[in-house]
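Asks: sequence first, then the predicted structure, then my questions.
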Amino acid sequence: MNSIIFIDAGYLTKLLHIKNKKIDLLKLSNKLTNDSTRIKTIYYDALPLPINPKGRELYPKAQKFHNSIRKLNKFEIKLGRTQVIGDQYHQKGVDMRLGVDLVQYSMNKEIDKAILIASDSDFEYAVQKAQEVGIKVTLAYFGNSKINSKFLNTFDERIILNDELLDNCKL
């Protein structure tokens, strides 16, 4: 059984920060695919905008982090963009890339299983399309996340990213 892990970096990063945890993404990927062959892990993110002092500080750190991920075995990074709306920074295009990739890999029968680390119910239709062609879709999520119950019930399998699992994936 071949699988791909699709990571919404915004979701994972935010909740790891809240939990004050630093993890090894390769260890996490291997734990989540212990019953299948991992084709790759795709990390969807957006770089900060270097338009103010904070952005200029974060930009090289994000680039360095992305470069470290690219060196991992069977990892890929796909970037959206960052947009300023009011005084807030928002990722754009990241969720769409993830959803399209999930459907594309599924329709091309390149995988048997997809594992999403995400919480956005906008992925529901992509999950359903993958399932229609026989792909088993798993959601890996933080138990304290506010996830739409209809979206949660869409998945074939759910894995809670609890402290025990995350501690086994420490850096």
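Replies: Here it is on my side, so go on.
Asks: and the longest strand for the chain?
Replies: strand 37-45 (DSSP state E).
Asks: pull the longest helix from this structure.
Replies: Of all the elements of type helix in the chain, the one with the most residues (DSSP state H) is helix 53-70.
Asks: okay, buried residues for it please.
Replies: Residues of helix 53-70 classed as buried under the neighbour-count rule (16 or more other C-beta atoms under 10 Å) are Gly55, Leu58, Tyr59, Ala62, Ile69. To be clear about C-beta, it is placed using only N, CA and C from the backbone, and glycine gets the same treatment.
Asks: mean confidence score for that helix?
Replies: Taken as a whole, helix 53-70 has a mean pLDDT of 90.
Asks: list the contacts of Lys129.
Replies: Under the criterion of C-beta atoms under 8 Å, 6 or more residues apart in numbering, the neighbours of Lys129 are Leu102, Val103, Ser106, Met107.
Asks: for Leu47, same thing?
Replies: The contact partners of Leu47, by C-beta under 8 Å, 6+ apart, come to Tyr59, Ala62, Gln63, His66, Leu79, Thr82.
Asks: closest one to Lys21 out of the contacts of Lys129, please.
Replies: If you rank the contacts of Lys129 by distance to Lys21 using C-beta to C-beta, Leu102 comes first, at 25.7 Å.
Asks: was I right to think that closest one contacts Tyr125?
Replies: No - no contact is recorded between Leu102 and Tyr125 when judged using C-beta atoms under 8 Å, the distance being 10.1 Å.
Asks: of the two, which one has the most company?
Replies: Shown here are Leu102 and Tyr125; by other C-beta atoms under 10 Å, Leu102 has more neighbours (24 against 12).
Asks: distance of the more buried one from Met96?
Replies: Plainly put, Leu102 is 11 Å away from Met96 if you go by C-beta to C-beta, to the nearest Å.
Asks: per-residue pLDDT, Asn20?
Replies: At Asn20, the predicted lDDT confidence score is 92.
Asks: what's the local residue count around it?
Replies: Look at Asn20: counted by other C-beta under 10 Å, it has 6 neighbours.
Asks: who are the contact partners of it?
Replies: Shown in contact with Asn20 (C-beta under 8 Å, 6+ apart): no residues.
Asks: tell me how far it lies from Leu152.
Replies: Between Asn20 and Leu152 the distance is 25 Å, computed by C-beta to C-beta.
Asks: circling back: now go through the contacts of Lys129 and say which are in strands.
Replies: Checked against DSSP E, the contacts of Lys129 include nothing in strands.
Asks: list just the nearest of those to Lys113.
Replies: For the contacts of Lys129, the minimum distance to Lys113 (C-beta to C-beta) is 10.0 Å, reached by Ser106.
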